[in-house]
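**Q** Predicted coordinates and the sequence they were generated for:
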Amino acid sequence: MDTGDALARIDTSVAHPARRYNYWLGGKDHFAADRASADAIAAAMPGVKLMAVENRAFLGRAVRYLAQRGIRQYLDIGTGIPAPNNTHEVAQSVDPATRVVYVDNDPIVLNHARALLTSARGGTNAYVDADLRDPDAILSSPELAATLDLSQPVALLLVAVLHFIREDEHPQEIIDKLTGALAPGSFLVATHATWEYLPEDAIEQLTANNPDGRFQARTGARFAELLSGFELVEPGIVSVAQWHAEGLPEPRPSAEDVACWGAVAQIR
C-alpha cells in the first residue's frame with residue numbers, strides 16, 4: 001500500500017464523491033473543486049447535507065444491528081474518508097475480534113488507510129485500493145483473502161456508492177458477482193440516493209452539474225429491483241432516516257427531507 005503513489009494520483013481540480021461527502025459531513029479533507037460541486041448540488045437539493053449525516057448514522061445502526069446478531073466479518077466498499085463511527089469501530093465495539101476489509105478508489109482515502117487499519121485488539125482490518133466497477137479485482141485481492149473467510153457469513157456494505165454506478169455499467173451484475181461469492185447467511189447493506197421527490201427545476205440543475213452522468217439517481221422501485229434477489233430485513237426499503245430509528249429524537253426527517261433509500265437484506 002504505497003500512499004506516496006496515492007497522493008500523486010490526486011487531481012485537486014476535479015471533484016470526487018468521497019471528498020464531497022466529507023465536506024457535507026463537516027470534515028476537512030476536500031479541495032475547492034469538491035466544495036464548489038457540493039455547494040452546487042446543495043443549491044438544487046438543500047437536504048443533501050442532512051442526507052449525508054443520516055446516511056452515516058444509518059451505516060452505524062445497520063452495522064450494530066448485524067454485529068449484535070453475530071456477524072463478525074465486513075466488506076465495506078466505497079468506504080469514504082474516515083469519520084466517527086467507522087464500520088470497524090462500531091462492529092468491534094460489539095466483538096473486538098471482528099474482521100473488516102475496506103475498499104475505495106480515492107487516493108485520499110488510501111492516504112487515511114492507516115487510521116482505518118487501527119483495529120481493536122484481537123480484530124483485523126485491511127484496505128483494498130480498488131473500484132466497485134471491478135468486483136473481480138476486489139474478490140481476488142490478497143488483502144481480502146488474508147482477512148475474510150468467505151466460507152463464513154460476511155456483511156457486504158454498499159453504502160452511498162451504488163448511485164455512482166451507471167446503468168450501462170450493469171449494477172445488478174456487480175451486486176450479483178459480489179454477493180455470489182459470499183456464504184449463505186451473509187447480508188447486504190445498501191443505500192441509494194433518489195431524485196423522485198425533487199421538482200423538475202431542481203433535477204435540471206442537478207443534471208447540469210452531472211455532465212458525465214457519473215451520478216445515477218434511482219427511484220425506490222429501481223432500488224428494490226436491484227435487491228429483489230435477497231430477503232429484506234424489516235422494515236424493508238425505507239428512508240435511511242427511518243430505518244430502525246426507534247429511540248432517536250422525534251420528529252424524524254421524512255423521506256422527502258432525506259431522499260436516500262436504505263435497506264439491509266439477507267443473502268440466501
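**A** Everything's here; your move.

**Q** rest of the way, CA atoms for contacts and neighbours
**A** Will do.

**Q** in this structure, what residue sits furthest out from the centroid?
**A** Asp201 (27.7 Å; C-alpha atoms, centre = their mean).

**Q** From Val258, how far off is that residue?
**A** Taking C-alpha to C-alpha, to the nearest Å as the measure, Asp201 falls 18 Å from Val258.

**Q** before we move on, which element is the residue farthest from the centre of the chain in?
**A** Here Asp201 is covered by helix 200-208, with elements defined by DSSP states H and E.

**Q** what does that helix contact?
**A** Ala40, Ile41, Ala44, Met45, Trp195, Gly213 (C-alpha atoms under 8 Å, 6 or more residues apart in numbering).

**Q** quick one: low-confidence ranges for the stretch 1-150 of the chain?
**A** Under the criterion pLDDT under 70, the flagged ranges of the stretch 1-150 of the chain are 1-9.

**Q** Break down it into its helices, ranges please.
**A** Per DSSP state H, counting those that start in this stretch, the stretch 1-150 of the chain carries helices over the ranges 3-8, 17-24, 32-44, 48-67, 87-94, 107-111, 113-116, 135-139, 142-147.

**Q** likewise the stretch 151-268 of the chain?
**A** Along the stretch 151-268 of the chain, counting by DSSP H, counting those that start in this stretch, helices occupy 171-180, 200-208, 220-226.

**Q** Which other helices and strands does the first one contact?
**A** So that's helix 171-180. helix 135-139, helix 220-226 (3 or more C-alpha pairs under 8 Å, 6 or more residues apart in numbering; DSSP states H and E).

**Q** Any figure for the gap between Thr79 and Asp106?
**A** Thr79 is 9 Å from Asp106, by C-alpha to C-alpha.

**Q** I should have written Gln216 there, sorry.
**A** From Gln216 to Asp106 the distance is 19 Å (C-alpha to C-alpha).

**Q** Looking at these two, which is more packed in?
**A** In this view Gln216 and Asp106 are compared by other C-alpha atoms under 10 Å, and Asp106 has more residues nearby, 23 against 17.

**Q** Can you read off the backbone torsions of that one?
**A** Phi and psi for Asp106, reported as degrees, to the nearest 10, are phi -90, psi 120.

**Q** Assess the claim that it and Ala15 are in contact.
**A** No: under the criterion of C-alpha atoms under 8 Å, Asp106 makes no contact with Ala15, lying 11.0 Å away.

**Q** Spatially central, which residue of the chain would that be?
**A** So for the chain, C-alpha atoms, centre = their mean, it's Val159, sitting 2.2 Å from the centre.

**Q** For that residue, list the residues it contacts.
**A** Asn55, Leu59, Ile77, Gly78, Val189, Ala190, Thr191, His192.

**Q** count of neighbours near Pro17?
**A** 20.

**Q** Please name the spatially closest residue to it (chain neighbours excluded).
**A** Excluding the flanking residues, the one nearest Pro17 by C-alpha to C-alpha, 6 or more residues apart in numbering is Asp34, at 7.9 Å.

**Q** cool, Gln92 as well?
**A** Nearest to Gln92 is Thr98, by C-alpha to C-alpha, 6+ apart, at 5.5 Å.

**Q** mind checking pLDDT for Ala208?
**A** Per-residue pLDDT puts Ala208 at 89.

**Q** same check, this time on the one 3 residues further on
**A** On pLDDT, Pro211 comes in at 83.
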